[in-house]
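*Asks:* What follows is a protein structure lacking sequence information:
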């Protein structure tokens, strides 16, 4: 991912509410190793159920405000797969996040899209982890590159799905 400025990241959040509200960046923003990231994800330090997701989509910084839904069910020892990194995690390490669709129309403000994501929003660490290799597995670099490409493609697809849903709603009216 290319390096982004603070203003670029703040301006990328399309669905922040109320419009013009300040996006709180993580305290570690100046220490980001941009070349190791496929997307930038963080929690709002003052609102723990709020998170942000920003990626470079076709050379443009694109981002969303996400709201974590509280886990309602006790799933015991079950595992859940993150929709972005495709790693299986314990049920309390993956949560449903809802992304409100950006819209000037008051009737569409309740429209959201959901996604299951690792609660720490640190999928890059997982895709860079070293897998146990068998004798017929491809080289480690190829596995990690494939994981990164998949993570990037799924992230961009989710960001675009929120944007395209907004456009399709406008087109109907």
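*Replies:* Everything's here; your move. Given the structure is predicted, the values throughout are model-derived calculations rather than measurements.

*Asks:* Going by neighbour count, which residues of the helix or strand containing residue 162 are buried?
*Replies:* Using DSSP states H and E, residue 162 falls within helix 140-172. Residues 147-148, 151-152, 154-156, 158-159, 162-163, 165-166 are the ones in helix 140-172 that count as buried (16 or more other CB atoms under 10 Å). Backbone N, C-alpha and C define where each C-beta goes, glycine included.

*Asks:* Stretch 80-90 now?
*Replies:* Neighbour-count burial for stretch 80-90 [16+ other CB under 10 Å]: 80, 82, 83, 84, 85, 87, 89.

*Asks:* Quick one: residues in contact with that stretch.
*Replies:* 39, 77, 79, 91, 93-94, 115-118, 123, 126-127, 147, 150-151, 154-155, 158 (CB atoms under 8 Å, 6 or more residues apart in numbering).

*Asks:* again with stretch 150-169
*Replies:* 14-15, 38-39, 53, 55, 57, 62-64, 83-86, 99, 101-103, 105, 108, 111, 113, 115, 123-124, 127.

*Asks:* For the residue lying closest to residue 82 once chain neighbours are set aside, give me phi and psi.
*Replies:* Nearest residue to residue 82 in three dimensions, chain neighbours excluded: residue 118, at 4.7 Å (CB to CB, 6 or more residues apart in numbering). Dihedral angles of residue 118 (phi, psi; degrees, to the nearest 10) stand at phi -60, psi 130.

*Asks:* what's the span of stretch 84-96 from first residue to last?
*Replies:* 12 Å (CA to CA, to the nearest Å).

*Asks:* and that stretch, what's its mean pLDDT?
*Replies:* Across stretch 84-96, pLDDT averages out at 90.

*Asks:* Check stretch 9-21 too.
*Replies:* 76.

*Asks:* where exactly do the helices run in the chain?
*Replies:* 6-12, 123-127, 140-172 (DSSP state H).

*Asks:* Any chance of those in TSV with distance to residue 23 as columns?
*Replies:* Shown next, in TSV, are the helices of the chain (distance: least, CB to CB, whole Å):
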stretch	distance to residue 23
helix 6-12	4
helix 123-127	20
helix 140-172	16
